[in-house]
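>>> here is a sequence with its predicted model. Questions after.
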Amino acid sequence: MMGFLQRLINKARLKSPYVFHFNSGSCNGCDIEIVAALMPRIDIERFGMKLVGSPRHADVMLVTGPVTEQIKERLQRIYDQMAEPKFVVAIGSCACSGGVFRGGYNVLGGVDQAIPVTAYIPGCPPKPSAITFGAYKLLEVLAEALGVAPPKKEEVEKIPEPVEVQVEEVEA
Amino acid sequence: MTSSEKRKVITPPRVSIPIGPQHPALKEPGMFKLTVEGERIIDAEVNIGYNHRGIEKLAEQKTFTQILYLVERICGICSATHNGNFAQASEFAAEVDIPDRAKFIRTLTWELERIHSHILWLGVAFHEVGFDTAFMYTWRDREVVMDMLEDLSGNRVNYAMNTVGGVRRDVSDDLKQRHLKGLDHLEERMEYYRDTAIYEKTFWDRINGVGMLPTSVAKSTSAVGPTARGSNVPVDVRFNDPTMAYVNLRDSGEFDMILSDRCDIAGRAVVRVLETIQSIQMCRWLLNNLPDGPIRERVRPRIQPNEVLARYEAPRGECIHYLITNGTDKPDRLKIRAPTHANWVSMAHTLRGGYIADAPITLAAIDPCFSCTDRVAIVDSKDESMELVTLDTLRVRANKWYAENPRRVA
């Protein structure tokens, strides 16, 4: 059984996940959308998430970009510097699979080629609302994993599924 | 008290401070080695290359339509820059003239992007000097222009508006009205930020007289964009060598190049803020004078052998796409010179002699965009040591890659 103190720590951890942003060769698109998610309109700090500058303070690492050969060692080193328990979120198509850069001579193609990844947020770039949705989902999963999920209610308000927008293609 | 004979002057030792590749002040991986003596920066060394993704090589494997979406992802902030400039280069190579309406819509996307990029820079500049309230304010108002871009193109970043021979989406009357409304709001807010930047002492005192770049140095180090214009060097491709609807904008006589003779970060900030207001007026002019007609011209996928250079004034400065075509649907060579690349040399100059506390704002003042720029293959091999990839290693790697991915020859 989990001790009372451990339970308390886990509960507190979910209410204040410190996030840390690492750019592993991204095009800036995802990075500015992460910053936009922190800004007044979406305000991800509502969920207790705070952007910190040091990996040693962070619980969650947000990684953007296909991992380039040069940054790979740094990424692994910074991952090792994080304190346990640690979680990695891959943001954007490049971080998930390599995106348009897949097959290039200098990219690994995806963060999971270098370090273990907990959650993936696809999109090029994902909208701030998608990043927030992904972060919220991550917290739910973590609550399950840490055993501090709130007891299930009979009628849980359903979160609407994100609607896929079909972009009209002009005939080439 | 000690007597004056016993008093010694202690010279602070020289310390080398590495900043990066991961650092809270940097949004992108890059490494700066500052040699400091006390508080003064004596020397600055720039090591970049963490963002090198090999886009120019990837481009040689893809067709012109595919490259449009690849070059767009060089940089998320100036995606329309690379996208539009490559489309422009391909059109020059194919020697086709695109419809007027397409030219206007392409220019409109470019100018909206300039507004968003400059507001973003202003927010970052406020943040670097510790003025976080204004940072939040500017980014809140930036959402207005992001919404307009989403309305116009369907995405907030990476708009994919341009195609070889025109643009992919039209501007309806409803959209035009919504945009005019949004531009009015933006103009009002930008005038507020202009006054905040100039009259707010907490901000002005941090940028006034910091990071000096005299006109002669700006010229000799080939600075471009607002960095050069803040040092009174009249370089702006929109007015010097206009393409697309910039010809009409220049001929209307309502717009003029914005220059500042201050030569410091304040000069660069003023140029950027005034340019944003000018861009808003340009957008309004473009929407009001939008000609009728088709939005795209059919261009054959195989482009005749040609060698062209396309120039465009990106938010950060002059962006050059050099393209060699060979009669197939893939280019022979694509070379991209992004504006940040031209500004590195001048930035190393502005850092020297400054205070270490001013380093973040001096770094931010050229609006660096590493993802546009990283060409150099410098590898961090061990913990501290920096190692250059030798030509042989690069050649072996390239040969191996080519053996695995043989290039199709038509």
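Noted; the coordinates are in hand.
>>> how about B:Gln66, what does it touch?
Counting by Cβ atoms under 8 Å, 6 or more residues apart in numbering or on different chains, B:Gln66 touches no other residue. C-beta coordinates here come from the backbone N, C-alpha and C atoms, glycine included.
>>> let's see 10 Å
By Cβ atoms under 10 Å, 6 or more residues apart in numbering or on different chains, the contact list for B:Gln66 reads A:100, B:58-59, B:329-330.
>>> quick one: the nearest residue to A:Glu33 once chain neighbours are set aside from B:Lys62, how far?
Nearest residue to A:Glu33 in three dimensions, chain neighbours excluded: A:Pro125, at 4.7 Å (Cβ to Cβ, 6 or more residues apart in numbering or on different chains). Per Cβ to Cβ, to the nearest Å, A:Pro125 is found 21 Å from B:Lys62.
>>> who has more neighbours, these two?
A:Pro125 (31 against 18; other Cβ atoms under 10 Å in any protein chain shown).
>>> now do the SS call for the more buried one.
coil (DSSP: H, G, I helix; E, B strand; the rest coil).
>>> quick one: contacts for it?
Contact analysis of A:Pro125 by Cβ under 10 Å, 6+ apart lists A:26-34, A:36, A:64, A:91-94, A:131, B:73, B:76, B:79, B:155-158.
>>> on that earlier part again, neighbour-wise, which one of the contacts of B:Gln66 leads?
A:Val100 (24 neighbours).
>>> circling back: so which of the contacts of B:Gln66 are in helices?
B:58-59 (DSSP state H).
>>> among the contacts of B:Gln66, which pair sits farthest apart?
Using Cβ to Cβ, those span at most 17.9 Å, a distance reached by A:Val100 and B:Asp329.
>>> of all residues in the stretch 1-150 of chain B, which one is closest to chain A?
Per Cβ to the nearest Cβ, B:Gly76 is where the stretch 1-150 of chain B lies closest to chain A, at 2.4 Å.
>>> quick one: the strands in the chain?
All of this is about chain A. A:18-23, A:50-51, A:60-64, A:87-91, A:119-121 (DSSP state E).
>>> meant chain B actually
Counting by DSSP E, the strands of chain B are B:14-19, B:31-37, B:40-47, B:162-163, B:166-167, B:306-314, B:317-325, B:331-337, B:378-380, B:386-388.
>>> which of those strands has the lowest average pLDDT?
The minimum mean pLDDT among these belongs to strand B:378-380 (a mean of 35).
>>> ok, now which ones touch B:Ala359?
Here B:Ala359 is in contact with B:17, B:19, B:25, B:32, B:34, B:36, B:41, B:44, B:128, B:211, B:351 (Cβ under 10 Å, 6+ apart).
>>> quick one: which of those is most hemmed in?
B:Gly211 (29 neighbours).
>>> can you pull the pLDDT of that residue?
For B:Gly211, pLDDT reads 82.
>>> mind listing what's buried along stretch A:100-109?
A:100-101, A:104-109 (16 or more other Cβ atoms under 10 Å in any protein chain shown).
>>> what about B:Phe126, how many residues nearby?
Around B:Phe126 there are 27 other residues, counting by other Cβ under 10 Å.
>>> list the contacts of it.
B:Phe126 sits next to B:132-139, B:193, B:196-197, B:200, B:202-203, B:206, B:269, B:361 when contact means Cβ under 10 Å, 6+ apart.
>>> leaving out chain neighbours, which residue sits closest to A:Pro17?
In space, and not counting its chain neighbours, A:Pro17 is closest to A:Asp59: 4.8 Å by Cβ to Cβ, 6+ apart.
>>> residues in contact with that neighbour?
A:13-14, A:16-20, A:49, A:52, A:82-87, A:142 are the contacts of A:Asp59 under Cβ under 10 Å, 6+ apart.
>>> where does chain A get nearest to chain B, residue-wise?
For chain A, Cβ to the nearest Cβ, closest residue to chain B: A:Gly29, 2.4 Å.
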